[in-house]
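here is my input; please provide its structure:
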Amino acid sequence: MSDIAIKFENISKQYRLGTIGTGTISHDLNRWWAMNIQGKSDPYLKVGQVNDRESKSTSDYVWALNNINFEVKKGEVLGIIGKNGAGKSTLLKILSRVTTPTTGRIAAHGRIASLLEVGTGFHPEMTGRENIYMNGSIMGMTKAEITRKLDEIVDFAGVEKYLDTPVKRYSSGMTVRLGFAIAAYLEPEILVVDEVLAVGDAEFQKKAIGRMQDVSQKEGRTVLFVSHNMQAITNLCSRVVLLNKGTVVDDSNPIDVIRKYLMYETLKEGSIYWDEQTALGDSSIKLRAIKIMDQDDIIRSHFFSKLKIKIQVDFEITKLDNELVIGFDILNENGMTILRTYHNDGSPENWPVLKVGFNSLVCELPESFFNEGTYYISPKISLHFKKWILNSDPLLSFEVEINHGVSPFWNRISKSNRPGALAKILPWHNSELVR
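Have a look, this model is predicted:
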């Protein structure tokens, strides 16, 4: 009996930009005849145009995926990572049969439960209970099987009070909790989870990671997990596939692949800018620049540890929401998030003011804060606990070098670093506690 749960064979997916169709009735008929009657591929495909979001397309067609080939074993937890636009979500949508591949095939052995977007598979007019039974039926489960799992699903999602309320009245957090609980507890052989988990709070994310570990380790089921959270990928996954511009560029253990991901194509150093066409965000806010500066406001990518580091974020707001939050993660060389900061940390009276139009915020990091090494910045924009507007891959990098003499005993015998990502010199003093 084969131990392969999923096999991706020559998977490619092409999208046409702009209008749908070939442009002429005769070509549309030729395409329909070739693909539906003769069983051939689309005769109007153009080969070679990849999905590169950093440059303007020279064709009406882009390849979101291009010749993807790999296998996933039963009981394996596979992480899929890559920059925005790398093809991660498209691959999961093909696996979940939300869309079809342009070429190639996927062989999946067992029932698939997917959580790709908030509200996936829910009917808004139906209650939570009705949606649970509907999703279970779609997966091929009997009513008795679903009833047996109902209490666990409701308990995990924390929606007992609202179980007989239409899901259109659920918050996004409640919706994603219920969606994950359905996917994780209705005994699928293959569980597919996209970055949608990031919508939930920290407690829910911890529960979700724990449940995925149980699904794989205790129940022997297969998990495919897409996330920008490299720490979650490291903790959960036994293997990671790295996608870039629709192709597989690495497939190995989490630590090695994450390091390659962070260094892939050399991230911008010191600063990065976007124009109106390429700016990241949505219709309400666009990220225009990120700059790493020293205490004299000079942009640089190499710092001695004694220097103060400033990170400036420039953005344009077209529609101001009171829940809007701007921030960033700082990751170390292993992809672990060592710091997350938001503009509204601290007391409300100290929050910077946001306004419609151009905004520029600066976050100051104290001197002697980082240990020696390479660090990466991943910008974040969200509506607080509602949705991500931008949950980006790392976009900038900078180096920190320890100053000799930062402490009288620092590196006196060995030139190696102290353990840890941080190197802040902390004050010590004699206690006045009387024994």
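
could you verify that residue 346 is part of a strand?
No: assessed by DSSP: H, G, I helix; E, B strand; the rest coil, residue 346 does not belong to a strand; its assignment is coil.

what number of residues lie near it?
10 (other C-beta atoms under 10 Å). The way it works is simple: take the backbone N, C-alpha and C, and place the C-beta from them, glycine included.

what's the helix or strand for the closest residue to residue 123 other than its chain neighbours?
Once flanking residues are discounted, residue 123 sits nearest to residue 131: 6.3 Å by C-beta to C-beta, 6 or more residues apart in numbering. Of the helices and strands defined by DSSP states H and E, residue 131 is found in helix 128-138.

how about residue 316?
strand 309-317.

so residue 422 touches residue 338, yeah?
Yes: taking contacts as C-beta atoms under 8 Å, residue 422 lies within contact range of residue 338: 7.1 Å.

more neighbours: these two, which one.
The residue with more neighbours, out of residue 422 and residue 338, is residue 338; 16 against 13, by other C-beta under 10 Å.

got a list of what the more buried one touches?
For residue 338, the contacting residues are 330, 331, 332, 375, 421, 422, by C-beta atoms under 8 Å, 6 or more residues apart in numbering.

for residue 64, what are its contacts?
Under the criterion of C-beta under 8 Å, 6+ apart, the neighbours of residue 64 are 13, 14, 15, 51, 87, 90, 246.

and the second one, helix, strand or coil?
If I follow you right, that is residue 14. Three-state assignment for residue 14 (three-state DSSP): strand.

how many other residues sit next to the closest residue to it other than its chain neighbours?
Excluding its sequence neighbours, the residue lying closest to residue 14 (C-beta to C-beta, 6+ apart) is residue 102, at 4.5 Å. Residues contacting residue 102 under the criterion other C-beta under 10 Å number 20.

what's the neighbour count on the nearest residue to residue 332 once chain neighbours are set aside?
Residue nearest to residue 332 in three dimensions, not counting chain neighbours: residue 421, with 4.8 Å by C-beta to C-beta, 6+ apart. Other residues within reach of residue 421 by the criterion other C-beta under 10 Å amount to 20.

quick check: residue 421 touching residue 335?
No: the pair residue 421 / residue 335 is not scored as a contact, 11.7 Å apart, by C-beta under 8 Å.

could you list the low-pLDDT ranges of the stretch 51-200 of the chain?
Per-residue confidence for the stretch 51-200 of the chain (pLDDT under 70) gives these ranges: 51-60, 117-120, 196-200.

would you mind giving the domain segments of this protein?
Structural domains of the chain, as assigned by automatic domain parsing, span the residue ranges 4-110+189-263, 268-401.

closest to residue 146 out of the ones you listed?
Using C-beta to C-beta as the criterion, the shortest distance between residue 146 and those is 16.5 Å, found for domain 4-110+189-263.

ramachandran angles for residue 95?
Residue 95 adopts backbone torsions of phi -60, psi -40, taken as degrees, to the nearest 10.

count of residues packed around it?
Applying the criterion other C-beta under 10 Å, we find 22 residues in the vicinity of residue 95.

ok, now residue 300?
Should you count by other C-beta under 10 Å, residue 300 turns out to have 17 residues around it.

identify the residues contacting it.
With C-beta under 8 Å, 6+ apart, residue 300 has these contacts: 270, 292, 293, 294, 398.

summarise which helices and strands the strand holding residue 316 is packed against.
Applying 3 or more C-beta pairs under 8 Å, 6 or more residues apart in numbering; DSSP states H and E, we find strand 309-317 packed against strand 285-293, strand 324-331, strand 357-365, strand 373-383.

dump these to TSV, plus distance to residue 216, mean neighbour count and mean pLDDT.
As requested, those are exported to TSV (distance: least, C-beta to C-beta, whole Å; neighbours: other C-beta atoms under 10 Å; pLDDT from 0 to 100):
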stretch	distance to residue 216	mean neighbour count	mean pLDDT
strand 285-293	36	21	95
strand 324-331	25	22	94
strand 357-365	38	14	94
strand 373-383	26	20	91
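
quick one: closest of those to residue 112.
Judged by C-beta to C-beta, the one of the helices and strands packed on strand 309-317 that comes nearest to residue 112 is strand 373-383, at 28.9 Å.

pLDDT (mean, whole number) over the helix or strand that the closest one is followed by?
Tracing the chain past strand 373-383, the next element assigned as helix or strand by DSSP H and E is strand 387-391. Confidence over strand 387-391 (mean pLDDT, whole number) is 86.
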